[in-house]
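> how would this look folded up:
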Amino acid sequence: MPATKSYRIGDLARALDLPIENIRYYEHEGLMPAPRRSSGNYRLYGEAEREQLSFIVRCRALDMTLDEIRRLLTLRQTPAQSCADVNALLDEHLEHVTQRIAELRRLRNELKVLRAECETRKDPGHCAVLEGLSRGAPRKRARRLGHVRGSHGR
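Numbering: from 1, shown residues only. Next comes the predicted model:
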């Protein structure tokens, strides 16, 4: 029986184009199992861990939260379960994305209004955008959904 391929953390990071810190973070968050260690105390990962990390990376690319990924990993380990729970999670995530898109559209419109002020006022001593930011009431924000690239930390 051929030996299974082992990856050190740097090799795994390069293979998935991922910072090493992210792998350690996913381990810390319980998304990845603790790796076995070499005699020199290097982290060693097999194909199963590589595949699981690839799954996590794909979920993050879809802007899923760590909790959503955790739930999917749990569902993935119980293949006898129906797809209904997976579909429910995706429907929930889709709703978050839809709400975030609406919030970003409102933000874009606000920025366009501010930028247009600079086109209409040519007073050299005053910046219409800075004045608009100073005098404008804070915009009512929807609760922070955090479903936009970079908003989840790693």
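> Can you mark which positions in the host helix or strand of residue 130 are buried?
Using DSSP states H and E, residue 130 sits within helix 128-135. Neighbour counts over helix 128-135 (16 or more other Cβ atoms under 10 Å) mark 128, 132 as buried. In this view, the C-beta of every residue, glycine as well, is placed from N, C-alpha and C.
> Dump that helix to CSV, keeping only the CA atoms.
Output in CSV follows, covering the C-alpha atoms of helix 128-135 (Å, rounded to 0.1, in the frame of the first residue of the first chain):
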residue,chain,number,x,y,z
ALA,A,128,-17.8,70.4,-0.5
VAL,A,129,-17.2,66.7,0.2
LEU,A,130,-15.5,67.4,3.5
GLU,A,131,-18.2,69.8,4.5
GLY,A,132,-20.9,67.3,3.5
LEU,A,133,-19.2,64.6,5.6
SER,A,134,-19.0,67.1,8.5
ARG,A,135,-22.6,68.3,8.4
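> List the buried residues in the helix ranked longest in the chain.
Counting by DSSP state H, the longest helix found in the chain is helix 84-120. Neighbour-count burial for helix 84-120 flags 89, 93, 96-97, 100, 103, 114 (criterion: 16+ other Cβ under 10 Å).
> For it, name the packing helices and strands.
Counting by 3 or more Cβ pairs under 8 Å, 6 or more residues apart in numbering; DSSP states H and E, the packing neighbours recorded for helix 84-120 are helix 66-76, helix 128-135.
> Who are the packing partners of the last one?
Applying 3+ Cβ pairs under 8 Å, 6+ apart, one finds that helix 128-135 contacts helix 84-120.
> and the helix it packs on with helix 66-76, angle?
Computed by axes from the mean of the first three to the mean of the last three Cα atoms, to 10 degrees, the angle separating helix 84-120 from helix 66-76 equals 160 degrees.
> Pull up the gap between residue 112 and residue 43, please.
48 Å (Cβ to Cβ, to the nearest Å).
> Off-centre distance for the helix holding residue 130?
How far helix 128-135 lies from its chain's middle: 32 Å, per Cα atoms, centre = their mean, to the nearest Å.
> So that it lines up with my notes, have the first residue be 55 from now on.
Fine by me, first position is 55 from now on; the one you just mentioned is helix 182-189.
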